[in-house]
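J.: Provided below for reference: sequence and predicted model.
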Amino acid sequence: MDSLSPHSPAPRDLVVWQHAMACLRAGVPVTLLIVASSTGDSPGRQGFKMSVAAGSMTGSIGGGIMEHKFVELARDRMQRRETGVLLREQVHRSEAGHNRSGMICSGQQMLVLLPLLPAHLPAVRAALETLEQHLPSTLHLSHTGELSVHLGHTGYPTQFESADAAASRWHYTEPLGFRDRLTIIGGGHVALALSRVMATLDFHLTVFDDRPNLNTLLQNPFVHEKRTLSYEKLALEVPEGPNQYVVVMTFGYRSDDVAVRQLLDHQLAYIGLMGSEAKIEKLLAGLRADGYSEQQLQRLYTPIGLPIHSRTPEEIAISIAAEIIRVRNAPFDDAR
């Protein structure tokens, strides 16, 4: 079995592009708002987006009074038929000398307001189509208001680059779609529960299992890909990279051991192993006996999940999701 679920979760931004496209097709003025950069505890993180029209909007640039203020600004500019792209800094501190957002959560963010014109229709259509089809693509936006979307990822993260201190000339680049990918090894009841939770967290989801016709795998509507696969082939099938996350939760000790040995040397953001303390101790002892170093073994998150005394598949799934969130949101040097 090798399939793409028609009900799998869509990237978070899809609704923004759908709204923008609907407005453009209907001839309704619409503005795209993008958080081009963010620092500190800014509520709007880099890449957050909104699509705003006179009587409707979707998405978010951080919420609160700041978001309300910029929604009203976008609507006022559309009413006055202003079509130029606008860049505005927002500082989330009450003592800030200028560009105060009205929020006090600290940090700051740079916001772009782009009134969408008929000339932007091809780029909006391309963004929408690639997100719907889960195709990698890259968004480009400049201070001139030029918007384009190209197939393929550049290999670089989201970037906001300014050519001068006044930010009068700048360029914004963003890989569209899912940045982070989770591969679940083992398609049982906990995998089904974990898929349900992770589907809300903007991950591309894949599940592998070596058992054909497994009901919990067949019935999993939350993932983008589900396959029956021999665990001896995992090293070839699981991608490496700083945005790759793996959870091992197979049927038993022997298959867990095979999966871990296949993936322990992979360059991954996270690899976690589910199991009892007795099983984990036995597996780790076997790895040490076969020459795996403590540095290698320390990469393995086990027992998996945050310690919340979870028992049911749903509780275990929440504890694992919380641990993955902690790793994803932590600085690279202190994720452990």
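T.: Sure thing, it's come through. Residues are numbered from 1 along each chain as shown.
J.: pLDDT weak spots in the chain?
T.: The chain contains residues with pLDDT under 70 at 1-7, 92-106, 154-156, 165-166, 331-336.
J.: what's the domain layout of it?
T.: 2-176, 180-329 (automatic domain parsing).
J.: okay if I get those as TSV plus mean neighbour count?
T.: Any C-beta I mention is one placed from the backbone N, CA and C, and that applies to glycine too. Converted to TSV, these look like this (neighbours: other Cβ atoms under 10 Å):
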stretch	mean neighbour count
domain 2-176	17
domain 180-329	18
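J.: at the geometric centre of the protein, which residue sits there?
T.: The chain has residue 202 as the residue nearest its centroid, 4.1 Å off, counting by Cα atoms, centre = their mean.
J.: give me the nearest residue to that residue, chain neighbours excluded.
T.: residue 12 (5.0 Å; Cβ to Cβ, 6 or more residues apart in numbering).
J.: got the phi and psi for that neighbour?
T.: phi -60, psi -30 (degrees, to the nearest 10).
J.: next: the one 5 residues further on.
T.: The main-chain torsion angles of residue 17 are listed as degrees, to the nearest 10 and equal phi -70, psi -30.
J.: which of the helices or strands spans the residue nearest to it when sequence neighbours are not counted?
T.: Among residues not flanking residue 17 along the chain, residue 128 sits closest, at 4.4 Å (Cβ to Cβ, 6+ apart). Following DSSP states H and E, one finds residue 128 within helix 121-132.
J.: residues in contact with the residue nearest to residue 17?
T.: Residues near residue 128 by Cβ atoms under 8 Å, 6 or more residues apart in numbering: 14, 17, 18, 21.
J.: can you tell me the SS state at the third one?
T.: The one in question is residue 18. helix (DSSP: H, G, I helix; E, B strand; the rest coil).
J.: on that earlier part again, include distance to residue 304 when you put the contacts of residue 128 into TSV, please.
T.: Below are the contacts of residue 128 laid out as TSV (distance: Cβ to Cβ, whole Å):
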residue	distance to residue 304
14	30
17	35
18	36
21	41
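J.: for those, work out which two are farthest apart.
T.: 14 and 21 (10.5 Å; Cβ to Cβ).
J.: hmm, residue 149 and residue 126 touching each other?
T.: Yes: taking Cβ atoms under 8 Å as the definition, residue 126 is a contact partner of residue 149 at 3.9 Å.
J.: so for the two, which residues contact both of them?
T.: residue 137.
J.: could you pull out the helices in this structure for me?
T.: Along the chain, the segments classed as helices by DSSP state H run 14-26, 64-79, 121-132, 189-198, 215-218, 234-237, 253-263, 277-289, 294-297, 313-329.
J.: which ones are touching residue 36?
T.: The contact partners of residue 36, taken as Cβ under 8 Å, 6+ apart, are 46, 87, 110, 111, 112, 160, 170, 172.
J.: which of those residues sits closest to residue 209?
T.: For the contacts of residue 36, the nearest to residue 209 is residue 46 (35.7 Å; Cβ to Cβ).
J.: quick check: closest non-adjacent residue to the closest one.
T.: Nearest one to residue 46, counting by Cβ to Cβ, 6+ apart, is residue 38 at 4.7 Å.
J.: I figured the one you found was touching residue 91, is that so?
T.: No: the criterion here is Cβ under 8 Å, and residue 38 misses it with residue 91 at 11.5 Å.
J.: next, show the common contact partners of the two.
T.: Joint contacts of residue 38 and residue 91 (Cβ under 8 Å, 6+ apart) are residue 108.
J.: can you give me the end-to-end span of stretch 226-237?
T.: 12 Å (Cα to Cα, to the nearest Å).
J.: tell me how far it lies from the chain's centre.
T.: Offset of stretch 226-237 from its chain centre (Cα atoms, centre = their mean, to the nearest Å): 24 Å.
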